[in-house]
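> Sequence and predicted structure are below.
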Amino acid sequence: MLIEHWILAAMWALGIVGFITFIPQKDRRKGFLAFSMFQAIVWLCDMPAFQFGLISAPVRTLPKATDLTITINYLFYPVLFSIYYVKKRVKSSITLKLKYFFVWICGLTIFDAAIEKYTDLLHYGLINGYGMGMYLAFLFFVSELCCNWFFKDQELFHAERWDTK
């Protein structure tokens, strides 16, 4: 059980350092929005997933507060999504965008399956590794749609528009 706590501490450290390191200062607003958007979407989807036994988390950061995995789902994966969202190339072809998306999802699925297999941080109940990959792809896709919708008309958010000279 001690190794799980070290992994959780490493996720906190890597999440915070990764956000600061991989998201440039000029894109922090976009990164924070992506972080918050992913947290909101994962919260809506994880409540039923944990309630109906699709996933369980025997070792958690706040075990008496909630059955959800606070560190993995509310810090580490949202940081990874915000890095993904900020670093994606907007003006690339659809095939490059799909490859970028699937590389991230495959990497996260492999990481998630390794955590499930070798630690007590996650246990798949009624779901398997492929289902978890589809679940992560769904979370990334919906979060990206919401972030794209928010940043659709960026000139609404520029200060010059609201100046009343």
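Structure received.

> switch to C-alpha atoms for all contacts and neighbour counts from now on
Will do.

> In contact with L68, which residues are there?
The contact partners of L68, taken as C-alpha atoms under 8 Å, 6 or more residues apart in numbering, are 46-47, 50, 56-57, 60.

> Where does pLDDT dip in this protein?
Within the chain, the segments meeting pLDDT under 70 span 1, 63-67, 153-165.

> Strands along that one, start to end?
55-56, 123-124 (DSSP state E).

> Could you look over those and pick the most buried one?
Among these, the stretch with the highest mean neighbour count (mean count of other C-alpha atoms under 10 Å) is strand 55-56, at a mean of 22.

> So what's the gap between it and the chain middle?
Relative to the centre of its chain, strand 55-56 is centred 17 Å away, using C-alpha atoms, centre = their mean, to the nearest Å.

> who does that strand pair up with?
strand 123-124 (antiparallel) (DSSP bridges).

> Let me have the strands of the chain in CSV, adding distance to M134 as columns.
Listed next are the strands of the chain as CSV, based on distance: least, C-alpha to C-alpha, whole Å:
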stretch, distance to M134
strand 55-56, 14
strand 123-124, 14
